[in-house]
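Engineer: Any chance you could fold what I've pasted below:
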Amino acid sequence: MDGRHSADERRRSRPVGVTPLVLGAGVIAFVLAVGLVIRWQTGGEDATASATCDETVSVAASPAIADAVTGVVESSNEGCGEYDISSRAAADVAKSITAGEDIPDVWIPDSTVDVDRVASEAETPPVVLESSIAASPVVVASAQSTKARWTDVLAGDAFVLGDPATSVPAVFTLVTSQAEAEAAGVSESAIRQSLVSLAQFGSRGSKASGPKRVKQIVSKGGTTVTSEQQAIAAGVAGSDGSDVYVPESGTLALDYPLVLSAPEDRRKTRSPGVDALAKILTSKAAGAMLAKAGFRAPDGKPLKRGVGDVKTRSAPSASDVSALVGAWKLLSRPSRTLAVIDVSGSMEYAAGDSSRMALAIEAAQQGQELFPDDSSLGLWAFSVELGKKGEDHLALVPIRPLGAEVGDSTQRAVVQEAVSGLIDRTGGGTGLYDSVLAAYRHAQKGYDPDAVNSVIVLTDGENEDPDSMSLNELLDTLESEANPKKPVVIITIGITEDADESALEAIAHVTGGTSHIALEPEDISNVFVEALASRGALPAS
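Structural biologist: Have a look, this model is predicted:
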């Protein structure tokens, strides 16, 4: 549906007396704090006199609930004026509110979290009038009948998450899975690694939306997350809930708040239409119609179909959600990375039952598996005068998409082979500084505006080239050549206590990157993957 209803298409409701909304204590405190909406609800003498039922109240509702809200309003005799109901995604409405353009009078998003995120950015913050007109828990919809933990669901080969930047079920799934992992004692590093892999691979899948998307994924043998209501609408939630479930650790629920989002000039007069809408949508008749559409009542009482009783968690804060979505946006972007690996003689030193070089190779091979074929990766090796012209670096594989065809092979296979061959190149001193600058300039020259551009440097020592620039000269040059609109970050990885930790940290810091040290052999693979998880920067606006 297009979600819009003109005066010709819809019956005009009779003006009725409306009891003002009763706000919860938390909402009252917020309203008093921001000094908004008071005039809309109570108005002054002039405002009350000008209030009529001749106005049109614009309503933007989440696509999941827009049809149901339209049906409730059109079947009610309690309306006041006209209601122009449109189906709009929360991200679209949020953008309108913060930009001050095309702002609806009333907003019904999927979650109060959407409102909280907008409130901190809008000139006239939206105000929650009803904390919930319906509810729907986030569930797992799967072709598999075996129930799993959230962390196992996310790690599944056939799992499709969706985009947390636009999907509340997706971001709520990340929150609950992270909480589950932390409760189970999973390390922060392991959680971050799983997030990288999921961000790179998990958002791919069906390009459809709503129930159609859910049905497509499940019908093809996949697994996804959605709201219980969308699963019911998709027809994948049978009466026994065999294809839809909530992991034992619990879930979060969408709460569909009724929100006053009108701009400042629309709040100068009292609106009986808004008060009447609140009364309509919280009525017993509305509850029955919403339940028929697959929505639970605000108290979360189970429906006769769906997943039954579920354990629900407290909603995350807006700041936590924003941080998670921000990390996702960064991690899900394609990568353009140049890996620069130390092959100096000290890399032959023993590390446990292996050598530093062998462990570095293993780490690099594991690391590239984190990225899909549309991510680009190249490889350099470095030690003093390793290059053909006496340079300290040697370009082994140019930066290309990992899925690109290279002769009879692929870039991924070529990189794998070149990494394996590093063990035969060890020798000489550590030509760190000149190699870092050369790699940085090379990455800048081929900058890709659609990707996260980075240089990853792995070394076990300090600079040993007597003819190279000093550390201060390197830092000054990196700083002077940096382009905020085309950021390239350097991520440094030091192996064992022999690495020059302070120099590596300074190099990473001046470019906006991060520095990591693996003190023990068993740390090398984890640190390398952790470095990949934290790589990247966004262009300055």
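Engineer: these two touch, right, Gly100 and Pro263?
Structural biologist: Yes. Using CB atoms under 8 Å, Gly100 makes contact with Pro263 at a distance of 6.8 Å. C-beta: built from backbone N, CA, C; applies to glycine.
Engineer: Between those two, which has more neighbouring residues?
Structural biologist: Using other CB atoms under 10 Å, the more surrounded residue of Gly100 and Pro263 is Pro263, with 18 against 12.
Engineer: For the residue nearest to that one when sequence neighbours are not counted, give me its contacts.
Structural biologist: Once flanking residues are discounted, Pro263 sits nearest to Ile103: 4.9 Å by CB to CB, 6 or more residues apart in numbering. Residues near Ile103 by CB atoms under 8 Å, 6 or more residues apart in numbering: Ser96, Ile97, Ser261, Ala262, Pro263.
Engineer: same deal with Phe295?
Structural biologist: Ile65, Ala68, Ala134, Ala135, Ser136, Gln229, Tyr256.
Engineer: and the closest residue to the first one other than its chain neighbours, how many neighbours does it have?
Structural biologist: The one in question is Ile65. Of all residues not flanking Ile65 in the chain, Tyr256 sits nearest, at 5.7 Å (CB to CB, 6+ apart). Residues lying near Tyr256 (other CB under 10 Å) number 30.
Engineer: Could you check the pLDDT of Tyr256?
Structural biologist: pLDDT, Tyr256: 97.
Engineer: ditto for Thr223
Structural biologist: pLDDT, read off for Thr223, is 90.
Engineer: That one - nearest residue in space that isn't next to it in sequence?
Structural biologist: Ser142 (3.9 Å).
Engineer: Contacts only, for the one you found.
Structural biologist: Ser142 neighbours (CB under 8 Å, 6+ apart): Val153, Val218, Gly222, Thr223, Thr224, Asp243, Val244, Tyr245.
Engineer: I'd say the fourth one and Asp157 touch.
Structural biologist: No. In this structure Thr223 lies outside contact range of Asp157 using CB under 8 Å: 9.3 Å.
Engineer: neighbour-wise, which of these two wins?
Structural biologist: Taking other CB under 10 Å, Thr223 and Asp157 do not tie; Thr223 has more neighbours (21 against 7).
Engineer: Look up how far Ala181 lies from that one.
Structural biologist: Distance of Thr223 to Ala181, computed by CB to CB, to the nearest Å: 18 Å.
Engineer: just Ile232 next, same as before
Structural biologist: Taken as CB to CB, the span from Ile232 to Ala181 is 29 Å.
Engineer: Looking at those two, which is more packed in?
Structural biologist: For Ile232 versus Ala181, neighbours defined as other CB under 10 Å are more numerous around Ile232 (24 against 20).
Engineer: Let's verify the more buried one: helix, strand, or coil?
Structural biologist: helix (DSSP: H, G, I helix; E, B strand; the rest coil).
Engineer: related to what we said a few turns ago, tell me who's in contact with the residue nearest to Ile65.
Structural biologist: Counted by CB under 8 Å, 6+ apart, Tyr256 has contacts Ser62, Ile65, Ile108, Pro109, Asp110, Ser111, Ser132, Ile133, Ala134, Ala135, Ser136, Phe295.
Engineer: Out of the residues you listed, which sit inside strands?
Structural biologist: Ile108, Ser136 (DSSP state E).
Engineer: Can you verify Val455 is assigned to a strand?
Structural biologist: Yes. Secondary structure of Val455 (three-state DSSP): part of a strand.
Engineer: how far away is it from Gly222?
Structural biologist: 36 Å.
Engineer: Between those two, which has more neighbouring residues?
Structural biologist: Between Val455 and Gly222, counted using other CB under 10 Å, the more crowded position is Val455 (29 against 20).
Engineer: Verify the contact between that one and Arg441 for me.
Structural biologist: No. Using CB under 8 Å, Val455 is not in contact with Arg441, being 9.8 Å away.
Engineer: Please convert the contacts of Ser142 to CSV, extending it with distance to Pro302 and secondary structure.
Structural biologist: Below are the contacts of Ser142 laid out as CSV (distance: CB to CB, whole Å; DSSP: H, G, I helix; E, B strand; the rest coil):
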residue, distance to Pro302, secondary structure
Val153, 21, helix
Val218, 21, helix
Gly222, 26, coil
Thr223, 22, strand
Thr224, 22, strand
Asp243, 17, coil
Val244, 13, strand
Tyr245, 13, strand
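Engineer: Tell me which two in these are the farthest apart.
Structural biologist: Gly222 and Tyr245 (15.2 Å; CB to CB).
Engineer: so how many other residues sit close to Val106?
Structural biologist: Val106, neighbours per other CB under 10 Å, totals 25.
Engineer: Phi first, then psi, for the closest residue to it other than its chain neighbours.
Structural biologist: Excluding the flanking residues, the one nearest Val106 by CB to CB, 6+ apart is Val59, at 4.6 Å. Here is the backbone geometry of Val59 (degrees, to the nearest 10): phi -130, psi 120.
Engineer: quick one: Val59 and Ala170, what's the gap?
Structural biologist: Counting by CB to CB, the gap from Val59 to Ala170 is 25 Å.
Engineer: Compare those two (neighbour count), which wins?
Structural biologist: Val59 (27 against 23).
Engineer: Ser346 reaches Thr459, doesn't it?
Structural biologist: No. Counting by CB under 8 Å, Ser346 does not reach Thr459; the two are 9.3 Å apart.
Engineer: from the contacts of Ser142, which is closest to Asn472?
Structural biologist: Val153 (50.3 Å).
Engineer: residues in contact with that closest one?
Structural biologist: With CB under 8 Å, 6+ apart, Val153 has these contacts: Val140, Ser142, Phe159, Thr173, Ser177, Thr223, Val225, Pro247.
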